[in-house]
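**Student:** One predicted model, sequence on top.
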Amino acid sequence: MNLESVLFSQGFGSRRQCRAMIADGRVSIDGATFNDADTDVDTKALVFEVDGTAWPYHERAYVLLNKPAGYECSRDPQHHLSVFNLLPAQFATRGIQCVGRLDQDTTGLLLLSDDGQFVHAYTSPKRKVPKLYVATTRHPLDDAQLAALREGVLLHGEPKPIAAVAAIARSAHELELTVLEGKYHQVKRMVAAAGNRVEALHRERVGGLALPAALAEGAWQWLDEADLGALRSG
Ligand code: URA
């Protein structure tokens, strides 16, 4: 692939902008600067630098963000900042999208990708991917609430009750809830229907993929093949 196409595919701007960056000597590989946009490069395991910052080539971007509260999963947020403010601009340029949405006040594991099939597959209601949330509840949890969540609660506008795959009290006010669907405000509505209220919500796991403990709030990382395998295996 030529160097211009490498930069363009990775979200560094229009083809014209990418050519200009290369001509201006801003792009290097292994310490060598390349001024010719037509230079052929091997993209396998390629790491190039733009203005001295390393960027690993990824044919498709699969990214995990530890979402903080106060960010909307939208490119065009209404009342808060966008999660895209936490990511390099290259990602928005190459068209990555959130894989499902978390509410602005929900924290934790958010996936993003520019692979349309992947985004579609993981947001489709047909693909029942378990999502594990930890909800801090206003009132103490009791057995009747946990039983209602496991047996199914009827949400407004839904034709039939929705049951959690698992509902476990980690402590008096800490509920671990695993659900297969991704309906609007689903966890908050389920907990409300069971007679309690969510004060804070955090997503810890999607499929077999857990939020890495070492990833700080607001930080992101690429997903590798092992992560994608874990995601599928859940
Ligand atoms: N359920 C909710 O209520 N909110 C979220 O952000 C995710 C699941």
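**Tutor:** Thanks, I have it.

**Student:** buried sites along stretch 62-81?
**Tutor:** 62-69, 71-73 (16 or more other CB atoms under 10 Å). Where C-beta positions appear, they are placed from N, C-alpha and C, glycine not excepted.

**Student:** For the residue most central in space within the chain, which three-state class applies?
**Tutor:** The structure's the chain has its C-alpha centroid closest to Leu111; by CA atoms, centre = their mean the separation is 1.7 Å. Of the three states, Leu111 takes strand under DSSP: H, G, I helix; E, B strand; the rest coil.

**Student:** Now do the same contact list for it.
**Tutor:** By CB atoms under 8 Å, 6 or more residues apart in numbering, the contact set of Leu111 is 62-65, 98-100, 122, 206, 223, 231.

**Student:** on that earlier part again, which two in the buried residues of stretch 62-81 are spaced the farthest apart?
**Tutor:** Tyr62 and Ala69 (23.9 Å; CB to CB).

**Student:** Where does pLDDT dip in the protein?
**Tutor:** Residues of the chain that meet the criterion pLDDT under 70 are absent altogether.

**Student:** For it, list the residues in contact with the ligand, please.
**Tutor:** 102-103, 106, 185-188, 201 (CB under 6 Å from any ligand atom).

**Student:** Could you report the neighbour count for Thr33?
**Tutor:** Look at Thr33: counted by other CB atoms under 10 Å, it has 12 neighbours.

**Student:** That one contacts Val27, correct?
**Tutor:** Yes. In this structure, Thr33 is within contact of Val27 by CB atoms under 8 Å, at 7.0 Å.

**Student:** Show me the protein divided up by domain.
**Tutor:** Using automatic domain parsing, the domain ranges for the chain come out as 3-56, 62-125+212-233, 131-206.

**Student:** What distance separates the opening and closing residues of the second one?
**Tutor:** Taking CA to CA, to the nearest Å, domain 62-125+212-233 runs 16 Å from one end to the other.
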